[in-house]
Each structure stands twice: as C-alpha cells, then as structure tokens.
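> only the shape, not the letters, is given here:
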C-alpha cells in the first residue's frame, strides 16, 4: 500500500494556502513545556477544513460539475460543505441520526443537501449517492487527499517549533494522525508523535496491537462524549500509523471533561470534547509520555452549549 509522503503534504500546503487559516502555536499558561495548536480557530471550527479544501482543489473540471458527497458526524461534513461552497461545487452530506445539532445546523446554513440516516447507514448511503449522481465521494479520513491535507498541521508545528520533542494527536479514523506523523517524522525525526483516544473508543489502540483493523462498533463507542473519535481507523490510515506512530494512550471521560474546562478557562479556547483529548493526555498521562517540548493538537470547537456548560460546572 502506497503511503502519503511529506512531498504530498507540501503539495497540499500549496493547494490550501490562502483558503485555510495557518493557526498559531499558543503557550499553555499552566505548563511551560506545552504548546497548543488551536485548529478550533478555523472558519469552520476544526482542522477538517484542511483535508476538505485539498480534496476540492484536486477535482477536475468535470468532477466539479458533478459535485461531491460525504458522510460525517459533523466536522468533516461542515468542512467539505464550506470548501465546496467557496469553490462553487455542489455538495451533499450524509449525517447519522443523533449527530450534534450545532454541527448539522451549520452544514445546512451553507446551502448544501443534508441526508439523515441511521448511523450504520451513513457510509453506504454516501456511496449510493455517489453512484447515482456521479458525485465524487470524499470520505472523512480514508483518502490520501484528506491525509495529506491534515498533515499540513505537522508542517506548521515543525516550522514554528523546530525543536519540538513530542506531538500529541487525537485519533479517530486516523486521517489527522496519519498526516501529522508523516510530516513530523520526515522533518523532525527526533520527535515522538503519540496518538490519544478515549477509553470508550479505543479501537485504534486495539488495531495497532492486533496489526489489523479492529472495529468496536458505534453501539460501544457512542458512550464517549468525543463524538469525532468514535470511528475506527481504515486499512489505509492504520498502515500509516503502524509504520510511523510512536505510541498511543487513552484517557477517561472525566479527564476529557477536565481538560475541556482547563482549555476554556485558562487558554480562552472554546473546544469540543474530541479536541480536549490531547491536552487530557498531557494533564493526566504525562508520566507515561516522552518528556520535553510538547505540542497538543486542539482539533475543533464545535461544541454543544449543554456539553460546554457541564464541563465548566465541574
């Protein structure tokens, strides 16, 4: 299986320049060796805009006329809708029942078609629409264009902190972690890239241990508040992680909630639970992590008000 290269990621950086915010590194006020990469500041509130913008940029003229389709619990769908609208490309998004209303409402506000299905039906439904309409399917993570686009975060981290020692990356489907670990491994080989996922959705941990994709199923992973991390890796993303990721740790729901509260109160960042897991690892798993200058990727800020209020009430 051909893996994404750092040159692919550099090409993606050229494609998205001027369309995606180059987010800063922020020093964490409570930790002298921790920097935050706040992708929550993107126009759509998450890192997903990088991969989506790169995928749209790679469409041919004929493909642009037929449009794009995807399936997503929210952030990728919103990102693709935004990137497609900016490029004048038709877009459809299949969302699972129960997806966060804050995300789905923003997708609809961009004027795209939203199709709601039962969670197990979202990927098949998107494929059916692609077959029926000729639209290009742009998956949330199982796609080289997406991996390369997300990997631009790694380029920026190393450019802004050349002596970075550790990068902590949330892991769901694995597109983000595949891209970042590819970039960091190429540009800063001495640094360790460590994945972080919820204990209640630890299918990437189990997949890495087994050497093949292990699917927990959404009937188990729905329990985690980190809704963006409920899916397992694909064969493509797992191949990247097996080859390049330095390790993976899990965090509890209480730890995720505490990290979310710390980010809001002390870093003044509005974040969703999925975005807080890397900081949770630094707060509660530091003894098991490599030491040194650490960057935690804060992936998004599209949070339900009730979830935010509950975290701040603790």
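Arrived safely. Bear in mind the structure is a predicted one, so any value in this text is a computation, not a measurement.
> thought residue 278 was touching residue 298?
Yes: at 7.0 Å, residue 278 counts as touching residue 298 under the criterion of CB atoms under 8 Å. For the C-beta atoms, the positions are set from N, CA and C on the backbone; glycine is no exception.
> ok, which stretches of this protein are helices?
Ranges of helices in the chain, per DSSP state H, are 6-16, 48-57, 61-66, 75-87, 101-109, 122-133, 144-160, 175-187, 203-210, 218-221, 235-244, 253-267, 273-284, 305-313.
> how far out from the middle of the chain is the third one?
Pointing back at helix 61-66 there. Centroid displacement of helix 61-66 relative to its chain, using CA atoms, centre = their mean, to the nearest Å, is 26 Å.
> give me the mean pLDDT for that helix.
Here helix 61-66 scores 96 as its mean pLDDT.
> what does that helix contact?
Residues outside helix 61-66 that contact it (CB atoms under 8 Å, 6 or more residues apart in numbering): 87-90, 133-136.
> what of the first one?
Applying CB under 8 Å, 6+ apart, the external contacts of helix 6-16 come out as 50, 53-54, 57-58, 144-145, 148-149, 151-152, 154-155, 179, 182-183, 186-187.
> what would the helices of the chain look like in CSV with mean neighbour count and distance to residue 227?
Below are these laid out as CSV (neighbours: other CB atoms under 10 Å; distance: least, CB to CB, whole Å):
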stretch, mean neighbour count, distance to residue 227
helix 6-16, 19, 25
helix 48-57, 29, 13
helix 61-66, 12, 30
helix 75-87, 27, 9
helix 101-109, 17, 9
helix 122-133, 17, 13
helix 144-160, 25, 18
helix 175-187, 28, 15
helix 203-210, 19, 14
helix 218-221, 16, 9
helix 235-244, 19, 18
helix 253-267, 20, 11
helix 273-284, 28, 7
helix 305-313, 13, 9
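> out of these, which is closest to residue 115?
Closest to residue 115 of the helices of the chain is helix 122-133 (CB to CB; 6.3 Å).
> packing partners for that closest one?
Secondary-structure packing of helix 122-133 (3 or more CB pairs under 8 Å, 6 or more residues apart in numbering; DSSP states H and E): strand 68-71, strand 91-96, strand 113-117, strand 136-137.
> what lines up beside the longest one in the sheet?
It refers to strand 91-96. The strands beside strand 91-96 in its sheet (DSSP bridges) come out as strand 68-71 (parallel), strand 113-117 (parallel).
> now those in TSV, with mean neighbour count and distance to residue 293?
Output for the strands paired with strand 91-96, formatted as TSV (neighbours: other CB under 10 Å; distance: least, CB to CB, whole Å):
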stretch	mean neighbour count	distance to residue 293
strand 68-71	28	36
strand 113-117	16	42
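> residues touching residue 193, list them.
Applying CB under 8 Å, 6+ apart, we find residue 193 in contact with 166-167, 169, 177, 180-181, 184-185, 244-246.
> now the helices of the chain as TSV including distance to residue 33?
Formatted as TSV, those follow (distance: least, CB to CB, whole Å):
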stretch	distance to residue 33
helix 6-16	26
helix 48-57	26
helix 61-66	45
helix 75-87	29
helix 101-109	33
helix 122-133	40
helix 144-160	15
helix 175-187	17
helix 203-210	25
helix 218-221	32
helix 235-244	23
helix 253-267	15
helix 273-284	9
helix 305-313	24
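> mind checking which of these is nearest residue 34?
Among these, the nearest to residue 34 by CB to CB is helix 273-284 (5.7 Å).
> and the closest one, average pLDDT?
Taken as a whole, helix 273-284 has a mean pLDDT of 98.
> stretch 199-213 now?
For stretch 199-213, the mean per-residue pLDDT is 98.
> end to end, how far does it reach?
Using CA to CA, to the nearest Å, one end of stretch 199-213 lies 17 Å from the other.
> now do it: distance to the chain's middle.
On CA atoms, centre = their mean, the centre of stretch 199-213 falls 17 Å from the chain's centre.
> gap between residue 289 and residue 247?
Distance, residue 289 to residue 247, using CB to CB, to the nearest Å: 8 Å.
> any residues in contact with both of these two?
Common neighbours of residue 289 and residue 247 (CB under 8 Å, 6+ apart) are residue 194.
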